[in-house]
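Colleague: For reference, the sequence and a predicted model appear below.
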Amino acid sequence: MAPPQGSRAPLEFGGPLGAAALLLLLPATMFHLLLVARSGPARLLGPPPYLPGLEALWSPQALLLWLTWLGLQAALYLLPARKVAEGQELKDKSRLCYPINGFQALVLTALLVGLGTSAGLPLGALPEMLLPLAFSATLTAFIFSLFLYMKALVAPVSALAPGGNSGNPIYDFFLGRELNPRIYFFDFKYFCELRPGLIGWVIINLALLVQEAELRGSPSLAMWLVNGFQLLYVGDALWHEEAVLTTMDITHDGFGFMLAFGDLAWVPFTYSLQAQFLLYHPQPLGLPMASIICLINAIGYYVFRGANSQKNTFRRNPSDPRVAGLETISTATGRQLLVSGWWGIVRHPNYLGDLIMALAWSLPCGVSHLLPYFYLLYFTALLVHREARDERQCLQKYGLAWHEYCRRVPYRIVPYVY
Ligand SMILES: NC(=O)C1=CN([C@@H]2O[C@H](COP(=O)(O)OP(=O)(O)OC[C@H]3O[C@@H](n4cnc5c(N)ncnc54)[C@H](OP(=O)(O)O)[C@@H]3O)[C@@H](O)[C@H]2O)C=CC1
Ligand SMILES: CC(C)CCC[C@@H](C)[C@H]1CC=C2C3=C(CC[C@@]21C)[C@@]1(C)CC[C@H](O)C(C)(C)[C@@H]1CC3
């Protein structure tokens, strides 16, 4: 049985009080965005148009649809994979295995949705169900996090995450206690991070596009751009699925409410905000502006993919010809840090690319409303906070070598600015 680890790890997110506040604030923000996106004034900072009663949130059909979706994605996860990858080394020196079949799940889902639609499945009706679907997803995230918390009570100490084991139940419930909760080969965190939420996000976007076509005769150029950009982002994440195994969510963070809610509810229902906004507030977009926005997205993607691939290639095999010529700093751990190439420009070039793409996703919505820029604002805050967390961890891991890296590459995310 796993005892709490006491307060060895420094508390994050404002400790138990901050965690308690976020437990309420995150779902409240998501519902606020869903309600405001369909209201006339669409004011991000104004009050919601109305407070929905339980009858608007609770729907057995929505719950059934949501559980069917989770079941379908779980079944696709269990299909034979083209590759089984090993994760990072764990505290007990073992490595876990992960199926690499996320892109296959995306393609099969697209085929099933295509078949369903041609057989009469009303995809365009999905936008009307977003509120009860989001409620079902939130409910599932709470219940699932409770299950994860209980499961961690009987997990061996070596299976616990460095944070999330303070002994305070609210804080630990929020942050997550166990690092890689699994039942046999089914890894809950890895599954949730990349499948139901990310694929759900593009299906919701598609449903919004279909409904726009039903309402106005054809989808708008702005809606096409938002759908295309975000499909590229999700397709890319699933194509490079193995790379997620080195992100801090998988290697460092426990699996609790923050990630369960983030993956299952926050991602599909708030990341689709631009498409939701466009359905209810059509925006004119000319070809010249659309071309500029495409260029911004292409630059963002180039930086994001270039930086992530360079680091992943280097971590997998430093003598790979694509990275062998780059300058590095040696660290006491035996691992090296890149100081040239993308990682010599700023310390988080991948965040920079991601932020440029976030801007390109909002621009098709025009500049009359702040609401479609919510993702950009939230994401900037998330990445600044994430960068600070990563910095602390790297300083702990690499000590003097990290100081040297910071001296050689002084800017964190934006060259000459931050
Ligand atoms: N859309 C979304 O909502 C979100 C997207 N993201 C995206 O996810 C991606 C992954 O982000 P994240 O997991 O935060 O972090 P990173 O992929 O940036 O990984 C950080 C790790 O990289 C290694 N590293 C840092 N500097 C160097 C260097 N110079 N040379 C070699 N290795 C280095 C360190 O680990 P080590 O040395 O141990 O290898 C460090 O802990 C990013 O592209 C981010 O934008 C992230 C959060 C949310
Ligand atoms: C609800 C809270 C405010 C915070 C929740 C954060 C989560 C939504 C994000 C934490 C890290 C994420 C990553 C991606 C999606 C969002 C979450 C889960 C990612 C899967 C998106 C696609 C990228 O290509 C990626 C690099 C694979 C991302 C990994 C991190």
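Modeller: Yep, that arrived. Ligands and ions are numbered 1, 2, ... in the order given.
Colleague: Would the biggest helix by length in the chain count as contacting ligand 2?
Modeller: Taking DSSP state H as the assignment, the helix of the chain that covers the most residues is helix 287-316. No: for a cut-off given as CB under 6 Å from any ligand atom, helix 287-316 has no contacts with ligand 2; the smallest distance is 6.8 Å. The C-beta positions use only the backbone N, C-alpha and C, and glycine is treated the same way.
Colleague: helices or strands up against that helix?
Modeller: If contacts are counted by 3 or more CB pairs under 8 Å, 6 or more residues apart in numbering; DSSP states H and E, helix 287-316 sits against helix 221-239, strand 336-338, helix 349-362.
Colleague: if you set the cut-off to 6 Å instead, what comes out?
Modeller: Applying 3 or more CB pairs under 6 Å, 6 or more residues apart in numbering; DSSP states H and E, one finds that helix 287-316 contacts helix 349-362.
Colleague: near ligand 1, which residues of this protein?
Modeller: Residues of the chain lying near ligand 1 by CB under 6 Å from any ligand atom: 247-248, 304, 308, 311, 314-315, 335, 337-338, 343, 348, 350-351, 354, 382, 386, 390, 393-394.
Colleague: Return the members of those residues classed as buried.
Modeller: 304, 308, 311, 314, 337-338, 343, 348, 350-351, 354, 386, 390, 394 (16 or more other CB atoms under 10 Å).
Colleague: Okay, buried residues for the longest helix of the chain please.
Modeller: Using 16+ other CB under 10 Å as the burial criterion, the residues of helix 287-316 that qualify are 289-290, 293, 296-297, 300-301, 303-304, 307-314.
Colleague: which residues of the stretch 51-200 of the chain score low on pLDDT?
Modeller: By pLDDT under 70, the stretch 51-200 of the chain has no low-scoring segment.
Colleague: tell me the helices in it, going along the chain?
Modeller: 54-57, 60-78, 102-118, 130-153, 169-175, 188-194, 196-216 (DSSP state H, counting those that start in this stretch).
Colleague: any chance of those in TSV, with distance to residue 279 too?
Modeller: Below are the helices of the stretch 51-200 of the chain laid out as TSV (distance: least, CB to CB, whole Å):
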stretch	distance to residue 279
helix 54-57	18
helix 60-78	18
helix 102-118	18
helix 130-153	10
helix 169-175	33
helix 188-194	26
helix 196-216	5
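Colleague: Kindly reformat those as a markdown table and extend each row with mean neighbour count.
Modeller: Formatted as a markdown table, the helices of the stretch 51-200 of the chain follow (neighbours: other CB atoms under 10 Å):
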| stretch | mean neighbour count |
| --- | --- |
| helix 54-57 | 11 |
| helix 60-78 | 16 |
| helix 102-118 | 16 |
| helix 130-153 | 20 |
| helix 169-175 | 22 |
| helix 188-194 | 22 |
| helix 196-216 | 21 |
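Colleague: picking up where we left off before, and of the buried ones among the residues of the chain next to ligand 1, the nearest to ligand 2?
Modeller: When those are ranked by distance to ligand 2 (CB to the nearest ligand atom), residue 308 comes first, at 6.8 Å.
Colleague: Now render the buried ones among the residues of the chain next to ligand 1 as TSV, adding pLDDT.
Modeller: As requested, those are exported to TSV (pLDDT from 0 to 100):
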residue	pLDDT
304	97
308	94
311	93
314	92
337	95
338	95
343	97
348	97
350	97
351	98
354	98
386	94
390	92
394	93
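Colleague: For ligand 1, give me its nearest residue in the stretch 151-300 of the chain.
Modeller: Closest contact between the stretch 151-300 of the chain and ligand 1, by CB to the nearest ligand atom, is at residue 247 (3.2 Å).
Colleague: Please report phi then psi for that residue.
Modeller: phi -80, psi 160 (degrees, to the nearest 10).
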